[in-house]
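Colleague: just a sequence and a predicted model for now, questions to come.
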Amino acid sequence: MRAGAAGAVLAVVATAALAGFLAGAVFGGEDGVSVLSGLLVAGSFILAAVVGALIWWRWASRRATKVGLSAGRYVRVARQIQRGEVPDDPAELPATIEIAGRARRALDVQQRRLVWWLMGGAAFLMLTSAAIHVATREYLRAFQYLALSGIFLINPLTMRRQRRRLDAVEQALSRRTSVTGTGSPGGAEPEGRTYPSGK
């Protein structure tokens with residue numbers, strides 16, 4: 001695992017540890033903040049993050065092999081696409097097309113009406129709980145539920161930014177493949193988007 005990928009994994013593990021500690025310490029204590037509950041939940045979050053990172057790395061390695069790249073290089077291409085950038089190296093073009101197509105399908109699933117209803121319902125429940133705890137003067141609990149509702153409410157803005165960046169990647173791919181005459185690996189275009197081959 002290269003330094004960049006290892007750094008990303010460590011960042012995920014650190015975030016999981018902090019989130020787990022805060023969740024356990026704040027929600028685990030009946031009469032206040034519980035450090036013990038925070039440590040226990042943080043440990044479980046770290047374990048889940050490590051196992052998830054290992055599974056993700058094996059999956060990325062298999063995907064990278066299919067497009068002729070190392071796992072570290074494949075992950076780097078994926079990060080560039082998340083930032084709305086297209087790699088300059090022609091050898092990374094098949095991986096770029098494959099990752100962009102998969103990202104588009106995932107984004108389309110997130111934009112389905114049922115997902116929006118679920119997120120809206122969750123945000124409403126969190127806001128209702130916050131209002132109830134304000135009424136009972138449990139302000140710490142109210143703040144907790146208010147923060148949770150913010151996670152659901154900010155998600156549409158995050159998806160909008162992801163969509164803009166992915167649109168930029170797809171437009172750049174369309175221009176590049178029309179000039180080079182290069183299609184996706186095996187001649188199959190990613191489902192959900194097609195890129196002209198210049199033919």
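Modeller: Cool, got the structure.

Colleague: ok, the residue nearest the centre of the chain - contacts?
Modeller: Nearest to the mean C-alpha position of the chain, counting by CA atoms, centre = their mean, stands Gln82 at 9.2 Å. Gln82 sits next to 103, 162, 165 when contact means CB atoms under 8 Å, 6 or more residues apart in numbering. Backbone N, C-alpha and C define where each C-beta goes, glycine included.

Colleague: run a quick neighbour tally on the first one.
Modeller: Other residues within reach of Ala103, judged by other CB atoms under 10 Å, total 22.

Colleague: helix or strand: which one has it?
Modeller: helix 93-110 (DSSP states H and E).

Colleague: tell me what angle the very next helix or strand once past that helix forms with helix 93-110.
Modeller: Tracing the chain past helix 93-110, the next element assigned as helix or strand by DSSP H and E is helix 113-135. If you take axes from the mean of the first three to the mean of the last three CA atoms, to 10 degrees, helix 113-135 sits at 60 degrees to helix 93-110.

Colleague: return the alpha-carbon coordinates of helix 113-135 using CSV.
Modeller: Output of helix 113-135 as CSV, limited to C-alpha atoms (Å, rounded to 0.1, in the frame of the first residue of the first chain):
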residue,chain,number,x,y,z
ARG,A,113,-37.0,9.8,-5.2
LEU,A,114,-37.1,7.1,-2.5
VAL,A,115,-33.6,8.1,-1.3
TRP,A,116,-34.7,11.7,-1.0
TRP,A,117,-37.8,10.7,0.9
LEU,A,118,-35.7,8.6,3.3
MET,A,119,-33.2,11.4,3.9
GLY,A,120,-36.0,14.0,4.4
GLY,A,121,-37.8,11.7,6.8
ALA,A,122,-34.6,11.1,8.8
ALA,A,123,-33.9,14.9,9.0
PHE,A,124,-37.5,15.5,10.1
LEU,A,125,-37.3,13.0,12.9
MET,A,126,-34.0,14.4,14.1
LEU,A,127,-35.4,18.0,14.0
THR,A,128,-38.5,16.8,15.9
SER,A,129,-36.4,15.1,18.5
ALA,A,130,-34.3,18.3,18.9
ALA,A,131,-37.4,20.4,19.4
ILE,A,132,-38.7,18.0,22.0
HIS,A,133,-35.5,18.1,23.9
VAL,A,134,-35.5,21.9,23.8
ALA,A,135,-39.0,21.9,25.2
